[in-house]
Each structure stands twice: as structure tokens, then as C-alpha cells.
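[1] could you look at this predicted model? Sequence included:
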Amino acid sequence: MSMRDNLDISAYLVLGPENTLGRPVGDVVRQALEAGFTCVQIRSKVVDARDLIECARAAADEIARAGKQESVALLIDDRLDVALAARDAGIKVDGIHVGQSDIPVEVCRKYLGEDAVVGLSARAHEMRDYIQTADMSQVDYLGVGPLHETDTKPDCGKDIDGSIITRSLEELADLAAISPKPIVVGGGVKILDIPALAKTGVDGFFVVSAVCGAQDPHKAAKDLVDTWEKARN
């Protein structure tokens, strides 16, 4: 069974070295995994390809150490070259996450293979139309946001005119109802958002600062997971 069949995006951590308050990326990943996080994405706009590969290696090592290589997907944001180079170096990278203006999902699928996970963020103002009209056979899940404006990714949700469109709970419920693919929501998500977010029918939440910027990443991650599971059940 491939990771595509096993994909769990319910508790999804996004991180790069600039997010961890100086702590090693692997250390934060370890704490999140111990707390029950189910997916890890390596994302950085400030380090070079070699450093991204080493971040992926550190994350993959922690996933392996936790015995979760078959259940926790390790994804690379945006950088198909990094995903391929990491794989070539023997690192278990399961796939990629791209935006609508990044490398086309068909190209990612061609180079990463049929078993790879390919996630997609569509532009805020186009997400509903995209879900209704695009060929989504090559996409495994959709990233939607932001729920709030966020310093971690200031351009997240930017509309044509440059304004930031945040997603309302009503919009998220609508997207979840019409989407043939799972949806994960992020962008400034905090623990207080989780109960209402879980009730929209989306499949998961993604966070950066809520875990990586916490004084105790394990406790922050566990609180998020426990709150999500309680709200969903």
C-alpha cells in the first residue's frame, strides 16, 4: 500500500529552520510525532537546496525512529528539485506540496511517480471554481487558507488586487462538501480555532507557529491533536 492510500492530513506540521526558535528541525518533528501529528511538510523560503535536503533528512530520520514511515507522509513544499535530490540521497520523501502557480501537478506526478503524494493550494479567489472544474485526478489533497492572516506566510490567501482573503467557516464547510479530495486548512490556526474548524467537515489542520513557536512544542502539538479528536468525535 502506498502513502497515497494511507495519507492522513488530520494534524499537519509545516516547518523550516526559520520557524523553530533556533531548535533543530528534527527535534520539533520528533515532539510533534510523539504528540500524534500525522503529516510533515518541509518548507523554507530562506535556506538553500542543500539545507532543505538536510531538513528533510532530519525529519525522515525522526519519522523512521518513531516507526511511522508507513503512516506519516513527509512532503517538500514547492521544490521538486529538492524532493528528487533528497530521494536520490536515500531519504524517504513521500511527495510534494505545490501552489497553483508552481510546478504543475502533472509534472510532479511524472517525476515522483504514481505512489507519491501531491498536494495543491489553489489561489484563494479561485478555490471553489478549481474544485468544480479542474481535473483533480493527479491531486491527493487540497491545502486551503488562510484562516487568519499570518506572519509565517504573509502572501497566503492573496487575491488579484493584493488584499488577503481569509476563509470563513461557512466557506470551508462549502468547500469540504463539494471537494472530491481531502482538505487541510491552515494560516494562523490556533487551538481556539480547532473545535469550530473540525465541525466544518474539513479533513485536517496545518500549523507552523502554533507548534514550532511554542515554548513546549510537544505540549502544544498534543493539545491541538487532542482538541481536534475530541471535536471530531
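    Okay, I see it.
[2] quick check: closest non-adjacent residue to I76.
    A83 (4.3 Å; C-beta to C-beta, 6 or more residues apart in numbering). Placement of C-beta: from N, CA and C, glycine included.
[3] avg pLDDT for whichever helix or strand that neighbour is part of?
    Secondary structure assigned from DSSP states H and E places A83 in helix 80-88. In this model, helix 80-88 carries a mean pLDDT of 98.
[4] tilt between whatever helix or strand comes next after that helix and helix 80-88?
    Under the assignment DSSP H and E, the closest C-terminal helix or strand after helix 80-88 is strand 95-99. Computed by axes from the mean of the first three to the mean of the last three C-alpha atoms, to 10 degrees, the angle separating strand 95-99 from helix 80-88 equals 180 degrees.
[5] list the strands paired with strand 95-99, with their directions.
    Paired strands of strand 95-99, with direction, are strand 73-77 (parallel), strand 117-121 (parallel) (DSSP bridges).
[6] now the strands for the chain?
    Residue ranges of the strands in the chain, as given by DSSP state E, are 11-15, 39-42, 73-77, 95-99, 117-121, 141-144, 183-186, 204-207.
[7] any chance of those strands in JSON lines, plus distance to L224 and mean neighbour count?
    Formatted as JSON lines, the strands of the chain follow (distance: least, C-beta to C-beta, whole Å; neighbours: other C-beta atoms under 10 Å):
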{"stretch": "strand 11-15", "distance to L224": "7", "mean neighbour count": "26"}
{"stretch": "strand 39-42", "distance to L224": "13", "mean neighbour count": "27"}
{"stretch": "strand 73-77", "distance to L224": "18", "mean neighbour count": "28"}
{"stretch": "strand 95-99", "distance to L224": "20", "mean neighbour count": "24"}
{"stretch": "strand 117-121", "distance to L224": "19", "mean neighbour count": "24"}
{"stretch": "strand 141-144", "distance to L224": "17", "mean neighbour count": "25"}
{"stretch": "strand 183-186", "distance to L224": "12", "mean neighbour count": "24"}
{"stretch": "strand 204-207", "distance to L224": "7", "mean neighbour count": "26"}
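[8] let's have the ones you listed in a markdown table, adding mean pLDDT.
    Shown next, in a markdown table, are the strands of the chain (pLDDT from 0 to 100):
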| stretch | mean pLDDT |
| --- | --- |
| strand 11-15 | 98 |
| strand 39-42 | 98 |
| strand 73-77 | 98 |
| strand 95-99 | 97 |
| strand 117-121 | 97 |
| strand 141-144 | 96 |
| strand 183-186 | 96 |
| strand 204-207 | 98 |
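[9] A58: which of the ones you listed is closest?
    Closest approach to A58 among the strands of the chain (C-beta to C-beta): strand 39-42, 9.0 Å.
[10] what stretches of this protein score poorly on pLDDT?
    150-165 (pLDDT under 70).
[11] now with 90, please.
    Residue ranges of the chain with pLDDT under 90: 1-2, 100-102, 122-128, 130, 134-135, 145-146, 148-168.
[12] and the helices in this protein, which stretches?
    3-6, 25-34, 49-65, 80-88, 105-112, 127-133, 169-178, 194-198, 209-212, 217-232 (DSSP state H).
[13] nearest to Q41, out of these?
    Of all the helices of the chain, helix 49-65 comes closest under C-beta to C-beta, at 9.1 Å.
[14] so what touches that closest one?
    16-17, 24-26, 29-30, 33, 40, 42, 44, 47, 69, 72, 74, 76, 79, 81-82, 85-86, 89, 91-93 (C-beta atoms under 8 Å, 6 or more residues apart in numbering).
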